[in-house]
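Colleague: Next comes the sequence, and after it the predicted model I'd like to discuss.
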Amino acid sequence: MMNKGHTKEEYLERLWEMKEKEQVSVRDLEEAMASDFDRKFIEELSMDGLVVFTDGESNIGLTVDGESQARQIIRAHRIGERLLFDVFGEEFEKGACEFEHTKTIELVDGICTLLGHPRNCPHGMPIPEGDCCLRLAKTTNNAVVSLVEMEIGQSTRVAYIESRDDHRMHKLNGLQIRPGVLIRLHQRYPCYVVECEGGNIALDDNIAASIRVWSNSPHDQPQQKHLKNNQKVRSRWQKLLRIGHRSG
Amino acid sequence: MMTNQETPVKKIMIIGVPNTGKSLIFSNLTGKFTEVANSPLTTIQIKTAPLVIGDQRYVVFDTPGLRSLYIHSEEEILVRRTIFAEKPDIIIQCVDANRLKQSLGLTSDLLTLGLPLLICLNAIDETARKGMWIDSAALSRLLGVPVIESIALQAKGTTELKTAILRARAGKCAIGYGDIIENGLIQLVSKLPADIVFRRTIAVLMLMNDSHIERDVAEILDDGEMAELHQKIISIKQHFRGNIHLTIENQMSRWINRIYDNVVKQQRLVPTQVAQKIAGLCRHPLWGLPILFCVVYILYFLVANVANVISEWMNNYLWKPVQDGINDILPSGFWHDLLIGDYGVLSLGIANALMTVLPILGVFFLLFNTLEEIGYIPNLSVLTKRMLAKFGLSGGAIMPLVLGFGCKTMATLTTKILRSDRERCIAIFLIAFAIPCAPQIGLSMSILGRMGVSAFAIAFSVRVFIGMTSGLMLNLILKQEEEKFVFIQELPEMKWPSLRLVLKKTYYRLYWFLRESLMVFIYAALALFFLQKLGILEAMKHVLRPVVEGFLGLPLTMVDVIILCFARSEAGAGLIINLVQKGQLDYIQCIVAVIITTTFAPCFANIVAMIKEVGGKRASAMLFTITLSAFSIAGALNWTIRKLM
């Protein structure tokens, strides 16, 4: 048996999604909820002042209060999806469904900030903005940053692409710039050049900015360079010592 | 002949993502040479050639690059329509082994078509250097189609490819998109007429909102059926929570990764390669420009010092004896003039083409093709990006402009990839007016080289200045349209040029030059000859005297050059070289002559391409503006230099 509070939230969530698709009729809601549909719940939501019927009970919409509640649920759900998708790669729907019921706005905002204020969920649906997005809150270390904030020569994994343009996503995807792949920034000026899966790609600034990457990736190239330099120094010393031995 | 008619000719289509060596494979298979370069956008039209294996006759199609059946640009739509219309019997997918992942998406698309497929794993030799090992047997097993390793540059693997053509078969690609989408696809397929092919692919493309498939399907269905199909798509989308496009793509990526992980057995992180370093330097904001200037200077140096010497030698030892011989037999008169007079068929026609222009073009193409083979030229797109943005050109226009330095006609045709009409006009105008093509560069270098480096430096700076100002002005004049083309450009890897290919390419470019223009040279000489004999030339010169002598500060014989340029700019350049040799052009006149002949007249083929891309009205407006600007600029330049010196 479903938790009653949760079920109401499912209704609010569906109604938000209907708004995105510009659907208004109760029938659409019925279709979206499928077997979970129960007229009783919408009556209750109406009594709570969260939804309102129009057009003689055949159409339904969110009130201002209902909309603000739905907004939080949707935001938590989609941020949750983003988090799970970016961290684990798949199977994000289930976890996100649980996460959407969190009542702590700070928690959602915290994750949002950590992920660099993503604009879209992995399905490509828009994530409603939170206070943190408007303030563009930045912790000392966002886990996900834009590619443009990377250092030249640094390699990192792509977290997600911030774009709602399917066409552009498909093109980047074809060049293998997609979540999870290792990407390396070669140059910033006169235009961005990255290396990805063996190919070099030149990009517009705004496209480079839309590529979000993990900031503290273990594949930090400059560090490797350090190591190499150390080795070079060491081998030079060894050579010197050997020469010293011979001449001595 | 009749016996061969019994077995139908089978169609083989070579398909692959850009810059994977399709044209090389095509010419290796059929022996027919087509333009190849280490650069995307080299092939922009579909070419065919016959091939016979055993007693089966085939026709092989070479196609422009295609990233996936989901379309991104105009030249891709051409390829997809050709696949759908021709329904090839065999598809050879050309894959760059070093960028296997980038090709596998297209592989899955081709597999779903259900046509016999064959994969040609090209440039396999380079994978070893990169610490990559591809298990092609496993790849063949997983995809269910033959996989042939090849090194197209060295023509290795061609025999294997030919035998594998007989074994090509439809493979397997089990990518499922989940119940909702799959059921939706089944319903969509059932709504499509049973007699059209590739119904599943069409259905998938329609669900992905492909920009062109709707138009193509609408041609087959009537309005009612189309509306029904639309309704179905909308209801599937409503039923599916989330973005269908992304879901389909994610499933495909998962499939690609699974194949890749099974096939690429070992991959170690290779330290930055030398090629990578050099490519990086060539597009570096600080080092890129000096390198570009060095490259230009080396080109100039070799053309001025090597090509000019060869051309002089040929003139002295091959042409002079012929001229003297004819002089002995026919000291004067009509036939003397017709053959070796100032406008003689032999002197201005054949000797001009073969002794003056050909050696210069030969040396220049040898160098230019080497640059193309190395893969240097596409890197310029990075270097010039910011500057071109100021001309109102987004990144998409960069490659066509850069390709203009090779051949203006080809470059004009590649502007198809630009979506905005405004950008296309700017790009086409700049290609015609501001960018000198390879033969023009080579011949200008040769002319200016006779006057010394400073003449070349002045002309070079003026050209750069012309390019910049015309770009900026066009941007101001043409109205701003929204929707910019996004710039996502794959850069080819730099590699050591293959001498064999460079030589072959140079040979073909010279061969094409002679085939196309030797007759034009002769006709142009004949035309001038009769104009002169009829006194029309004198009349023209009289009319043009104030412009040519007064404004441009050039000798009146330059009228001949200008007329020749209308026929073929190389012919005009050849005559300029003759004038320089006779001492009829001085330092300043040389510079002015080069500027005017390289700016005002795009060749005939380019004009045809312009008309094709923007229509006759706009093309003539452009040509008028170009001619007017060319004369004003050359005149202004003449006066400025004379004032300064």
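Modeller: Everything's here; your move.
Colleague: how does the chain divide up, domain by domain?
Modeller: Reading this off chain A. Split into domains by automatic domain parsing, chain A comes to A:4-62, A:67-135, A:144-217.
Colleague: my question was about chain B
Modeller: Split by automatic domain parsing, chain B gives B:2-165, B:179-267, B:288-644.
Colleague: picking up where we left off before, the domains of chain A: lowest mean pLDDT?
Modeller: Here those differ in mean pLDDT, and the lowest is domain A:67-135 at a mean of 77.
Colleague: Chain A contacts on the stretch 201-350 of chain B?
Modeller: With CB under 8 Å from any CB of the partner chain as the criterion, the stretch 201-350 of chain B meets chain A at residues B:208-209, B:211, B:238, B:241-243, B:245-247, B:249, B:253, B:271, B:276, B:279-280, B:283-285, B:288. For every residue, glycine as well, the C-beta is placed using N, CA and C.
Colleague: and those residues, which of them are in helices?
Modeller: In this view, these that belong to helices under DSSP state H are B:238, B:245-247, B:249, B:253, B:276, B:279-280, B:288.
Colleague: Among those residues, which one has the most neighbours?
Modeller: Most neighbours among those, by other CB atoms under 10 Å in any protein chain shown: residue B:279, with 25 neighbours.
Colleague: thinking that one is in contact with residue B:378, fair?
Modeller: No. Assessed by CB atoms under 8 Å, residue B:279 is found out of contact with residue B:378, at 9.6 Å.
Colleague: what sits in contact with each of the two?
Modeller: Common contacts of residue B:279 and residue B:378, defined by CB atoms under 8 Å, 6 or more residues apart in numbering or on different chains, comprise residue B:491.
Colleague: Run through the strands of chain A in chain order.
Modeller: Using DSSP state E, the strands of chain A run over residues A:51-54, A:59-62, A:144-146, A:155-161, A:182-187, A:192-196, A:199-203, A:211-214.
Colleague: typo on my end, the stretch 101-250 of chain B
Modeller: Taking DSSP state E, counting those that start in this stretch, the strands of the stretch 101-250 of chain B run over residues B:117-122, B:132-134, B:147-149.
Colleague: tell me the phi and psi of residue B:342?
Modeller: In terms of degrees, to the nearest 10, the main-chain angles of residue B:342 are phi -60, psi -40.
Colleague: Also residue B:465?
Modeller: Torsion angles at residue B:465 (phi, psi; degrees, to the nearest 10) stand at phi -60, psi -50.
Colleague: measure it to residue B:449 for me?
Modeller: 21 Å (CB to CB, to the nearest Å).
Colleague: Who has more neighbours out of the two?
Modeller: Ranked by neighbour count (other CB under 10 Å), residue B:465 and residue B:449 place residue B:449 first, with 20 against 13.
Colleague: List the contacts of that one.
Modeller: Each residue near residue B:449 by CB under 8 Å, 6+ apart is listed here: B:300, B:303-305, B:308, B:456.
Colleague: just so I know, which of the strands of chain A lies nearest chain B?
Modeller: Nearest of those to chain B, taken as CB to the nearest CB: strand A:199-203 at 4.2 Å.
Colleague: what angle separates the closest one from strand A:192-196?
Modeller: 150 degrees (axes from the mean of the first three to the mean of the last three CA atoms, to 10 degrees).
Colleague: one step back: could you dump the strands of chain A into TSV and include mean neighbour count and distance to chain B?
Modeller: Formatted as TSV, the strands of chain A follow (neighbours: other CB atoms under 10 Å in any protein chain shown; distance: least, CB to the nearest CB, whole Å):
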stretch	mean neighbour count	distance to chain B
strand A:51-54	16	20
strand A:59-62	19	16
strand A:144-146	19	16
strand A:155-161	21	9
strand A:182-187	20	6
strand A:192-196	22	6
strand A:199-203	24	4
strand A:211-214	24	11
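Colleague: For the residue nearest to the spatial centre of chain A, list the residues it contacts.
Modeller: Nearest to the mean C-alpha position of chain A, by CA atoms, centre = their mean, lies residue A:82 at 4.0 Å. Neighbour list for residue A:82: A:115, A:118, A:121-122, A:127, A:160 [criterion: CB under 8 Å, 6+ apart].
Colleague: The nearest residue to it once chain neighbours are set aside: neighbour count?
Modeller: Spatial nearest neighbour of residue A:82, excluding adjacent residues (CB to CB, 6 or more residues apart in numbering or on different chains): residue A:118 at 5.0 Å. Neighbour count for residue A:118, taken as other CB under 10 Å: 23.
Colleague: ok, residue A:118 to residue B:438 distance?
Modeller: Residue A:118 is 48 Å from residue B:438, by CB to CB.
Colleague: can you check residue B:7 too?
Modeller: Distance from residue B:7 to residue B:438, by CB to CB: 43 Å.
Colleague: Can you pick out the residue with more neighbours from the two?
Modeller: residue B:438 (20 against 10).
Colleague: Local confidence estimate at that one?
Modeller: In this model, residue B:438 carries a pLDDT of 84.
Colleague: same check, this time on the one 10 residues further on
Modeller: Per-residue pLDDT puts residue B:448 at 91.
Colleague: so it sits right up against residue B:463, yeah?
Modeller: No. In this structure residue B:448 lies outside contact range of residue B:463 using CB under 8 Å: 11.0 Å.
Colleague: Settle it for me: which of those two has more neighbours?
Modeller: Set side by side, residue B:448 and residue B:463 show more neighbours around residue B:448, with 26 against 19, by other CB under 10 Å.
Colleague: in stretch B:128-142, what's buried?
Modeller: Using 16 or more other CB atoms under 10 Å in any protein chain shown as the test for burial, stretch B:128-142 gives B:132, B:134, B:136, B:139-140, B:142.
Colleague: And stretch A:11-19, by the same measure?
Modeller: Going by neighbour count (16+ other CB under 10 Å), the buried part of stretch A:11-19 is A:11-18.
Colleague: for residue B:179, what are its contacts?
Modeller: For residue B:179, no residue meets the contact criterion (CB under 8 Å, 6+ apart).
Colleague: Any figure for the gap between it and chain A?
Modeller: 14 Å (CB to the nearest CB, to the nearest Å).
Colleague: What does residue B:629 show for phi and psi?
Modeller: For residue B:629, the backbone dihedrals (degrees, to the nearest 10) come out as phi -60, psi -40.
Colleague: Surely it and residue B:474 touch.
Modeller: No. At 11.1 Å, residue B:629 does not count as touching residue B:474 under the criterion of CB under 8 Å.
Colleague: Give me the more crowded residue out of those two.
Modeller: residue B:474 (21 against 18).
Colleague: okay, now residue 30: neighbour count?
Modeller: Chain wasn't specified; assuming chain A. 16.
Colleague: My question was about chain B, not that one.
Modeller: 21.
Colleague: where's residue B:620, which helix or strand?
Modeller: Taking DSSP states H and E as the definition, residue B:620 sits inside helix B:616-644.
Colleague: Just give me how far that helix sits from the chain centre.
Modeller: Centroid displacement of helix B:616-644 relative to its chain, using CA atoms, centre = their mean, to the nearest Å, is 27 Å.
Colleague: So which bits of that helix are buried?
Modeller: For helix B:616-644, by 16+ other CB under 10 Å, it's B:618-619, B:622-623, B:626, B:629-631, B:633-635, B:637-638, B:641.
Colleague: repeat for stretch B:415-426
Modeller: B:415-420, B:422-426.
Colleague: residue contacts, residue 152?
Modeller: Unless you meant another one, I'm taking chain A. By CB under 8 Å, 6+ apart, the contact set of residue A:152 is A:185-188.
Colleague: My question was about chain B, not that one.
Modeller: B:21, B:24-25, B:28, B:120, B:122-123.
Colleague: okay, these in a markdown table with neighbour count and pLDDT next?
Modeller: Shown next, in a markdown table, are the contacts of residue B:152 (neighbours: other CB atoms under 10 Å in any protein chain shown; pLDDT from 0 to 100):
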| residue | neighbour count | pLDDT |
| --- | --- | --- |
| B:21 | 22 | 86 |
| B:24 | 26 | 89 |
| B:25 | 26 | 91 |
| B:28 | 22 | 89 |
| B:120 | 29 | 94 |
| B:122 | 26 | 90 |
| B:123 | 22 | 86 |
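Colleague: Many thanks, I have nothing further to ask.
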